[in-house]
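Trainee: Let's see this in three dimensions:
(chains A and B)
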Amino acid sequence: MKLSIYRYNPEQDTRPRMQSYDIAPAPTDRMLLDLLLRLRETDDSLAFRRSCREGVCGSDAMNINGRNGLACITALAQLKEPIVLRPLPGFPVIRDLVVDMTQFFAHYHSVRPYLINNEPPPERERPQSPAERARLDGLYECILCACCSGFCPPYWWNPDKYVGPAGLLQAYRFIADSRDRATRERLDFLDDVYRLYRCRTIMNCTEVCPKHLSPSRAIERIRARLLGEAF
Amino acid sequence: MKLLSGLRAWVVQRVSATLLLGFVLWFAVWLFLVPPDSYDQWRALVAHPTAEIALTIFFAALLAHAWVGVRDIVLDYVHWRPLRAAILLGVAVGLLATGAALALAALHAR
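Mentor: Below is the predicted model:
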């Protein structure tokens, strides 16, 4: 199979380049990550992240033929050749397909992605009704791979100020949680011309999410909650 | 609602877009049902109290919608603060001047 892979080592290269490869996959190579691991047997200078190999850790997010996705759950059979691999768009490149996620995780931490409840802790747990629990479906499954934020034009334009779809999905996950008591503070934090309202409802985030989640719907619900609180 | 909230601009954009759409549909239907075929008929159409109110709302919504839209584009693309402030000031002055010119034209037509 033919591949064209973005190569850039800031310690050696003055500018990025695309390198072509031609490699025969083994019969057991089903996913793109299998092929990349095989490729690295012959070129160990190629850098990319990977860990779980089953779409759970989110490490191997990259731009595959112009669309963000996880290499480990992208079937080789569905890819057109040459397979063009680039790092996540809009993220600073550390080397080859490895990007700097510092800003991404700073936004994630800014929304305080944990339960805030200062009421006295109950003896056992804080119970939820099945309906309250169901509200978290489609929110808690995010693996923070950054496919969504890396495919979001407003995030490219203002990566330092706009929280981005992944962070906003996580923000809504706790706004929607019946056990959380910091909804007002969370909404106040997000009611900002940059943090939330850079979203243009382009919906690339929902389109590329490898877990089939909908950050754009979460963003709309945050806006609806803000609207409801204002009037 | 905060003075500089994102929510305010977002609400203005949505409400003004709805008003603009409503006006365009209403005006299209009106033109279809009562098509004016002379300048005097156009003047009479615009001078009609319902049309006056509708046009006032339309232009107010148009100016508000334009302000939020252009402001969003500037916030996205212009990151150097002095240039951003200058562009926003220019846009605000331009829109206010347009509004003033529209108001003068309406008064003059009476």
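Trainee: CA only for contacts and neighbour counts going forward, please
Mentor: Will do.
Trainee: Tell me how many other residues crowd the residue in chain A that chain B sits nearest to.
Mentor: Of all residues in chain A, the one sitting closest to chain B is A:Val193 (3.9 Å; Cα to the nearest Cα). Counted with other Cα atoms under 10 Å in any protein chain shown, residues neighbouring A:Val193 total 20.
Trainee: any idea how far it lies from A:Pro122?
Mentor: Distance of A:Val193 to A:Pro122, given as Cα to Cα, to the nearest Å: 38 Å.
Trainee: before we move on, what about A:Arg173?
Mentor: For A:Arg173 relative to A:Pro122 (Cα to Cα), the value is 22 Å.
Trainee: Need the pLDDT of the residue of chain A closest to chain B.
Mentor: On the pLDDT scale, A:Val193 is placed at 92.
Trainee: Now it. Nearest residue, chain neighbours left out?
Mentor: Nearest residue to A:Val193 in three dimensions, chain neighbours excluded: B:Gly6, at 3.9 Å (Cα to Cα, 6 or more residues apart in numbering or on different chains).
Trainee: Let me know whether the one you found touches A:Asp188 as I believe.
Mentor: No: look at B:Gly6 against A:Asp188 with Cα atoms under 8 Å: they stay out of range, at 10.6 Å.
Trainee: Tell me which of the two has more neighbours.
Mentor: A direct count of neighbours by other Cα under 10 Å for B:Gly6 and A:Asp188 places B:Gly6 higher, at 20 against 14.
Trainee: Pull the contacting residues for that one.
Mentor: A:191-194, A:196-197 (Cα atoms under 8 Å, 6 or more residues apart in numbering or on different chains).
Trainee: Can you flag which of those belong to strands?
Mentor: Within the contacts of B:Gly6, no residue falls in strands by DSSP state E.
Trainee: Name the secondary structure element that contains A:Ile5.
Mentor: For A:Ile5, the host element (DSSP states H and E) is strand A:2-7.
Trainee: partners of that strand, with directions?
Mentor: With DSSP bridges as the test, strand A:2-7 is paired with strand A:17-22 (antiparallel), strand A:83-86 (parallel).
Trainee: what residues does the helix or strand just after the last one touch?
Mentor: In this case it means strand A:83-86. Once strand A:83-86 ends, the next helix or strand along the chain (criterion: DSSP H and E) is strand A:93-95. With Cα under 8 Å, 6+ apart as the contact definition, strand A:93-95 has outside contacts at A:7-10, A:47, A:87, A:99-100.
Trainee: Over to stretch A:36-49?
Mentor: Taking Cα under 8 Å, 6+ apart as the rule, stretch A:36-49 contacts A:7, A:23, A:25, A:59-60, A:95-98.
Trainee: From those residues, list just the buried residues.
Mentor: When the contacts of stretch A:36-49 are checked for burial by 16 or more other Cα atoms under 10 Å in any protein chain shown, the buried set is A:7, A:25, A:59-60, A:95-98.
Trainee: Any chance of a markdown table for the residues you listed, columns pLDDT?
Mentor: Listed next are the buried ones among the contacts of stretch A:36-49 as a markdown table, based on pLDDT from 0 to 100:
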| residue | pLDDT |
| --- | --- |
| A:Arg7 | 97 |
| A:Pro25 | 92 |
| A:Ser59 | 96 |
| A:Asp60 | 97 |
| A:Arg95 | 96 |
| A:Asp96 | 97 |
| A:Leu97 | 97 |
| A:Val98 | 98 |
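Trainee: what's the most distant pair in these?
Mentor: Using Cα to Cα, the pair of the buried ones among the contacts of stretch A:36-49 lying farthest apart is A:Pro25 and A:Arg95, separated by 24.6 Å.
Trainee: you'd agree A:Pro113 is up against A:Tyr172?
Mentor: No: judged on Cα under 8 Å, A:Pro113 makes no contact with A:Tyr172 at a distance of 9.3 Å.
Trainee: Looking at these two, which is more packed in?
Mentor: Of the pair A:Pro113 and A:Tyr172, A:Tyr172 is the one with more neighbours under other Cα under 10 Å, namely 26 against 17.
Trainee: Backbone dihedrals for the more buried one, please?
Mentor: Main-chain torsions, A:Tyr172, degrees, to the nearest 10: phi -70, psi -30.
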